[in-house]
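Colleague: pasting the structure only:
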């Protein structure tokens, strides 16, 4: 017999700073069609709440649904089923006109790959100006100066340099600078530190976290790098299109889905193959204990 005690997440955690935009997903399902005409389920009933001002890293293997979920939160795609709320507004049923207004003012999405976020034949300063076109005159005046914003990502010397002549790390840092140029209430970044040197990675992470510190911006980042995820107070691990686990304050918790689906921690799943019989019961301290049967036919 093997036993695993299930802990409960700590209570009394301090509330995140105000200013960010809260996120809520209710039973979100998303399907897409392959070139061969087959439907693939990318997300399977995702339930998730992110409080205003929280900083969350999405983890998971390729194909787990984390990048798909990010594009849904940014209003770039609409879910096949379920509901998504940004603050009090349900964006999953919102028209394109209103979605465009939210994307230009409140939500900024940094797609994977710097080239997808920049004008290649424009300078760094011109890219930032382009990112701010949707702002009113007063909002532009109140925004951080171009030179200060570029300085925060270590690109003050490249202000008038054309993007096509920059290094990969410089382009990635500029892409993030453009993403935060409008002071969004929600920042969504897909692999913002991938293929960067340690120095460039640290520049990017510093700006991301300073945005949360200074303005209370809600930040959601997709990453495959555990060392990057470790800088975030909360991690969400995706598996098979579902939220499989969450990390909070250094502890990892399995997440029970709406239909009772529970993804075991990787080290337990490796020991307990499909078909394993388990039993749930409380011990003398009131903790829930999961016991694996060692009997015949239990997959042990």
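Modeller: Looks like it came in fine. For clarity, every value in this text was computed on a predicted model and none was experimentally measured.

Colleague: show me where the stretch 201-300 of the chain has helices.
Modeller: Under the criterion DSSP state H, counting those that start in this stretch, the stretch 201-300 of the chain contains helices at 226-229, 266-271.

Colleague: ok, which stretches of this structure are strands?
Modeller: According to DSSP state E, the chain carries its strands in the segments 2-6, 23-33, 39-50, 55-59, 81-86, 89-90, 107-110, 186-190, 218-222, 234-239, 242-248, 251-254, 278-282, 288-292.

Colleague: Let me have those in CSV, extended by mean pLDDT and mean neighbour count.
Modeller: In this view, the C-beta of every residue, glycine as well, is placed from N, C-alpha and C. Shown next, in CSV, are the strands of the chain (pLDDT from 0 to 100; neighbours: other C-beta atoms under 10 Å):
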stretch, mean pLDDT, mean neighbour count
strand 2-6, 44, 13
strand 23-33, 91, 18
strand 39-50, 91, 18
strand 55-59, 95, 23
strand 81-86, 94, 18
strand 89-90, 91, 14
strand 107-110, 92, 24
strand 186-190, 94, 25
strand 218-222, 96, 26
strand 234-239, 92, 22
strand 242-248, 86, 20
strand 251-254, 77, 14
strand 278-282, 84, 11
strand 288-292, 81, 16
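
Colleague: out of the ones you listed, nearest to residue 157?
Modeller: strand 107-110 (22.5 Å; C-beta to C-beta).

Colleague: Distance-wise, check residue 112 relative to residue 194.
Modeller: Distance of residue 112 to residue 194, computed by C-beta to C-beta, to the nearest Å: 7 Å.

Colleague: Looking at those two, which has the bigger crowd around it?
Modeller: Neighbour count, other C-beta atoms under 10 Å: between residue 112 and residue 194, residue 194 has more, with 17 against 14.

Colleague: For that one, give me its contacts.
Modeller: The contact partners of residue 194, by C-beta atoms under 8 Å, 6 or more residues apart in numbering, come to 112, 223, 224, 225.

Colleague: Generate a ChimeraX selection restricted to the buried subset of these.
Modeller: What follows is the ChimeraX syntax for the buried subset of those, where burial is set by 16 or more other C-beta atoms under 10 Å:
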select :223
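
Colleague: Residue 284: neighbour count?
Modeller: 5.

Colleague: Residue 108 is in contact with residue 182, correct?
Modeller: Yes - under the criterion of C-beta atoms under 8 Å, residue 182 is in contact with residue 108, at a separation of 6.3 Å.

Colleague: Where does pLDDT dip in this protein?
Modeller: Within the chain, the stretches with pLDDT under 70 are 1-18, 257-259, 265-266, 294-300.

Colleague: circling back: now render the strands of the chain as JSON lines, adding distance to residue 162.
Modeller: Compiled in JSON lines, the strands of the chain are given as follows (distance: least, C-beta to C-beta, whole Å):
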{"stretch": "strand 2-6", "distance to residue 162": "55"}
{"stretch": "strand 23-33", "distance to residue 162": "35"}
{"stretch": "strand 39-50", "distance to residue 162": "37"}
{"stretch": "strand 55-59", "distance to residue 162": "32"}
{"stretch": "strand 81-86", "distance to residue 162": "35"}
{"stretch": "strand 89-90", "distance to residue 162": "38"}
{"stretch": "strand 107-110", "distance to residue 162": "20"}
{"stretch": "strand 186-190", "distance to residue 162": "24"}
{"stretch": "strand 218-222", "distance to residue 162": "28"}
{"stretch": "strand 234-239", "distance to residue 162": "37"}
{"stretch": "strand 242-248", "distance to residue 162": "41"}
{"stretch": "strand 251-254", "distance to residue 162": "45"}
{"stretch": "strand 278-282", "distance to residue 162": "60"}
{"stretch": "strand 288-292", "distance to residue 162": "58"}
